[in-house]
Structures are given as C-alpha cells and as structure tokens.
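Undergrad: My questions concern the predicted model and sequence given below.
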Amino acid sequence: GAVVSQHPSWVICKSGTSVKIECRSLDFQATTMFWYRQFPKQSLMLMATSNEGSKATYEQGVEKDKFLINHASLTLSTLTVTSAHPEDSSFYICSARVIFETQYFGPGTRLLVL
Amino acid sequence: KNEVEQSPQNLTAQEGEFITINCSYSVGISALHWLQQHPGGGIVSLFMLSSGKKKHGRLIATINIQEKHSSLHITASHPRDSAVYICAVGADGLTFGKGTHLIIQP
C-alpha cells in the first residue's frame, strides 16, 4: 500500500527556535498533502492544505507566518514551525492523497518546546 | 462547519464480541473516512466510503447518506483490535470526531 513518511518522529527544542518537519510520499505522487495537529486528549485538527507548486491554504486560526508550508514536489511537503513556543508543543501529522482517493497518513511528529 | 459525533466514547469488550461504533455528522458530505489510531499516534486509513457498505477482513463500514450516519463494525474482535477508531468527513481536509477508545480484553 501507499506509504507516507515523516521526519523527525520526535523533536525537542528550545523556545524561540524553528523546527522543520518533512512529509514524504514514498511510492506515489501526491497531488495534495494535508497537515494536521493533535493536542493531548483532543481531536485531530486540520491546519492547512498544500498543493504542489502553489501556496498552502490555512484553516482559520492557524498563523501562516508561524507555520510555513512548502510543497516543492509531488512527493515532499515541509512544515516549519517558526519561533516555536511551548504552546506549539503537539503531535503533527501529515497525509498525502492522489485526487479522489483516500488519504494516507504519516506516522506523525511529536514536538516538545521547552 | 461539519460537526462529527461519535459514540460510544469508550468501549471495553471481551475477545470475540461483535463491536459497533457509530458516527453522525451534521452537513452532507462527499466522503466519510474511518481511521485507526494506535497508542504511538500513527494513523491507518481503514475505509473511505460515500455510499453503501464496504468490508475488509473482519471490518465492515456502512453509511446512510440520508440519515447522515455511519457505523463501523468489527466481527470476532481480538485484543489486537484495541485502538482509537476515528470517524472523519470531508472531500479534502478532514473534520474528525473525537474517537472511540476500544479495548478488547482476552
């Protein structure tokens, strides 16, 4: 089946630093990638939708200048959390999709900002 | 914005039991997803459906578009089925239910 990888799986950083998370579709070309986050004991929430070669579409309440998304190819999207703060500590998960088909999820990245 | 409600929130059953998890949503959709999340956080897509019924192994998913309701059934449940089962709706970015925490005891 389709495989999506994320790197890193765990990251701990100091407040004020930037963190980049990569999402790769390993055996298929994804027309669209999605970024979600999940705070402890809460539902997953959509952050942004990313199409290759175009600007990401952010959900209401998600700061586009803080969460930079780059979708440079059909197999790679990156999420950069800029100037991370403790409240950004969360589980970030991406998914990738070929149009009209199901979404395939990455294993997720746990971010802890100290 | 679509509201997705799942029930039950928590479910503990004995191995071999037939399991049903329900999902209701408030706005008409083009697709509904059933997902499985394991303790480490990883998510597996179980089904995507827009009408009728789908079956994969011991898992069955049904959807009633008119009633805005879907069910996920597990037959002959096994301890390895223990996980969080999440209903999500949407054609693109998904809106998720809060999940059903399922524990199957041997």
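TA: Happy to help now that I have it. Residues are numbered from 1 along each chain as shown, chains lettered A, B, ... in the order given.

Undergrad: Measure how buried residue 4 is and give me the count.
TA: As the question left the chain open, I've gone with chain A. 24 (other CB atoms under 10 Å in any protein chain shown). C-beta coordinates here come from the backbone N, C-alpha and C atoms, glycine included.

Undergrad: that answer is for a different chain, and I need it for chain B
TA: Residue B:4 has 25 neighbours, counted by other CB under 10 Å.

Undergrad: cool, and residue B:45?
TA: Residue B:45 has 19 nearby residues by other CB under 10 Å.

Undergrad: I'd guessed it sits against residue A:105; true?
TA: Yes: contact criterion CB atoms under 8 Å: residue B:45 and residue A:105 qualify, at 6.6 Å.

Undergrad: Between the two, which contacts overlap?
TA: Common contact partners of residue B:45 and residue A:105 (CB atoms under 8 Å, 6 or more residues apart in numbering or on different chains): residue B:35.

Undergrad: beta partners for residue A:76?
TA: residue A:24, residue A:73 (DSSP bridges).

Undergrad: And it, what's its pLDDT?
TA: Per-residue confidence (pLDDT) for residue A:76: 93.

Undergrad: Can you name the residues that contact it?
TA: A:22, A:23, A:24, A:25.

Undergrad: what about the last one, how many residues close to it?
TA: Counted with other CB under 10 Å, residues neighbouring residue A:25 total 24.

Undergrad: So which of the contacts of residue A:76 wins on neighbours?
TA: Ranking those using other CB under 10 Å puts residue A:23 first, with 28 neighbours.

Undergrad: what's the closest non-adjacent residue to that residue?
TA: residue A:94 (3.5 Å; CB to CB, 6 or more residues apart in numbering or on different chains).

Undergrad: The helix or strand that contains that neighbour packs against which elements?
TA: Secondary structure from DSSP states H and E places residue A:94 in strand A:90-97. Using 3 or more CB pairs under 8 Å, 6 or more residues apart in numbering or on different chains; DSSP states H and E, the elements in contact with strand A:90-97 are strand A:4-7, strand A:19-25, strand A:32-38, strand A:76-81, strand A:103-105, strand A:109-113.

Undergrad: now that strand and strand A:32-38, what's the angle there?
TA: Going by axes from the mean of the first three to the mean of the last three CA atoms, to 10 degrees, strand A:90-97 is angled at 160 degrees with respect to strand A:32-38.

Undergrad: which stretches of chain A have low pLDDT?
TA: A:1 (pLDDT under 70).

Undergrad: follow-up on the earlier one: ok, the strand holding residue A:94: who's next to it in the sheet?
TA: As assigned by DSSP bridges, strand A:90-97 forms pairs with strand A:32-38 (antiparallel), strand A:103-105 (antiparallel), strand A:109-113 (antiparallel).

Undergrad: is chain B contacted by the helix or strand following the first one?
TA: Tracing the chain past strand A:32-38, the next element assigned as helix or strand by DSSP H and E is strand A:45-51. Yes: figure legend: strand A:45-51 in contact with chain B (CB under 8 Å from any CB of the partner chain); contacting residues A:45, A:46, A:48, A:49.

Undergrad: Nearest to chain B among those?
TA: residue A:46 (4.0 Å; CB to the nearest CB).
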